[in-house]
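Participant: Requesting a structural model of the entry that follows:
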Amino acid sequence: AQPTAQSTAPLAVQPTQAPRPTKRYGEAPRSHREALLHQLDARFQRRADKGRQVELPLADSSHWKRVRFTGIDHLTGFVYGEDRHMLTSAFAFQLEPGEKPSTALCMERFERDGLARFRKAKGTFTPIVETEGKWRKNPLLIHKADGRLTFFFSRYEFSAAWAAYPAYRDGCLVYATVVFWEDEEELARQVRDHWVEQAFGSLRTRSDEVPQRR
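Facilitator: A predicted model of the protein is given here:
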């Protein structure tokens with residue numbers, strides 16, 4: 001899928017109890033390794049979707065571009081750097097009538113459909129590791145794994161993590177990040193785990209209604 005860039009302005013992330021990196025970079029990273037190193041010590045800021053319905057935390061936020069991925073049903077997405085060292089995407093969806101959103105139910109529904117499509121595209125994942133964070137002082141399920149995918153004769157290897165938010169009255173939000181390896185496998189895992197610890201808990205929504213892509 002080929003993303004097309006759209007611009008948006010950063011929104012400062014409010015500090016939490018956990019210490020956060022504070023560096024700011026005026027220039028875009030010049031290599032994949034530099035990009036991943038910047039991710040480990042750059043300040044997180046929030047960036048909004050086009051409709052300003054959700055605010056997503058991004059490290060070194062000025063060097064991310066908001067994009068739309070063709071062929072994927074998603075709310076919004078971003079890519080990091082001109083060479084697309086990382087990508088993130090947010091998915092919003094409604095539950096069945098009468099179902100009460102919970103982080104476990106949101107995770108189950110997202111993976112039921114999303115991972116099935118990934119496997120249909122001949123993608124593979126290592127066993128998923130589950131961890132628990134906090135969002136609005138409530139438990140937040142986070143899953144992470146390494147993956148591989150061949151697309152149009154190109155092979156992608158990456159480390160990924162995704163968090164499931166019971167964000168809406170009758171629906172869910174999932175925020176995912178993908179860190180490409182490009183011969184930096186261990187560093188990519190460090191960046192992915194850094195996001196698990198620092199980013200997912202600071203996501204913000206602006207409504208209790210499931211948002212629509214604009």
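
Participant: And the strands in this structure, which stretches?
Facilitator: Secondary structure of the chain, counting by DSSP state E: strands at 4-6, 10-12, 44-48, 54-59, 64-68, 76-80, 86-94, 124-125, 129-135, 138-151, 154-168, 171-180, 204-205.

Participant: can I get these in TSV with mean pLDDT, mean neighbour count and distance to residue 28?
Facilitator: All C-beta atoms are positioned from the backbone trio N, CA, C, and that covers glycine. What follows is those, written out as TSV (pLDDT from 0 to 100; neighbours: other Cβ atoms under 10 Å; distance: least, Cβ to Cβ, whole Å):
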stretch	mean pLDDT	mean neighbour count	distance to residue 28
strand 4-6	42	12	13
strand 10-12	43	14	15
strand 44-48	96	20	16
strand 54-59	97	24	13
strand 64-68	93	20	10
strand 76-80	96	24	9
strand 86-94	96	22	13
strand 124-125	90	14	30
strand 129-135	97	14	29
strand 138-151	93	17	24
strand 154-168	94	21	20
strand 171-180	98	24	16
strand 204-205	96	18	26
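
Participant: and of these, who's closest to residue 111?
Facilitator: Of all the strands of the chain, the one in closest proximity to residue 111, counting by Cβ to Cβ, is strand 138-151 (7.5 Å).

Participant: Please identify the pairing partners of the closest one and their relative orientation?
Facilitator: Applying DSSP bridges, strand 138-151 is found paired with strand 124-125 (antiparallel), strand 129-135 (antiparallel), strand 154-168 (antiparallel).

Participant: Let me know the angle separating it from strand 171-180.
Facilitator: Strand 138-151 and strand 171-180 meet at an angle of 50 degrees, taking axes from the mean of the first three to the mean of the last three Cα atoms, to 10 degrees as the criterion.

Participant: Restrict strand 138-151 to CA atoms and write it as PDB.
Facilitator: As requested, C-alpha coordinates have been extracted for strand 138-151 and formatted as PDB (Å, rounded to 0.1, in the frame of the first residue of the first chain):
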ATOM      1  CA  ASN A 138      -7.500   1.700  34.000                       C
ATOM      2  CA  PRO A 139      -5.800  -1.500  32.600                       C
ATOM      3  CA  LEU A 140      -4.700  -1.300  29.000                       C
ATOM      4  CA  LEU A 141      -3.700  -4.500  27.200                       C
ATOM      5  CA  ILE A 142      -0.700  -4.200  24.900                       C
ATOM      6  CA  HIS A 143       0.500  -6.900  22.600                       C
ATOM      7  CA  LYS A 144       3.900  -7.100  20.800                       C
ATOM      8  CA  ALA A 145       5.600  -9.400  18.300                       C
ATOM      9  CA  ASP A 146       8.100  -9.500  15.500                       C
ATOM     10  CA  GLY A 147       6.800 -10.000  12.000                       C
ATOM     11  CA  ARG A 148       7.700 -10.600   8.300                       C
ATOM     12  CA  LEU A 149       5.800  -9.700   5.200                       C
ATOM     13  CA  THR A 150       6.600 -10.000   1.500                       C
ATOM     14  CA  PHE A 151       4.800  -7.300  -0.600                       C
END
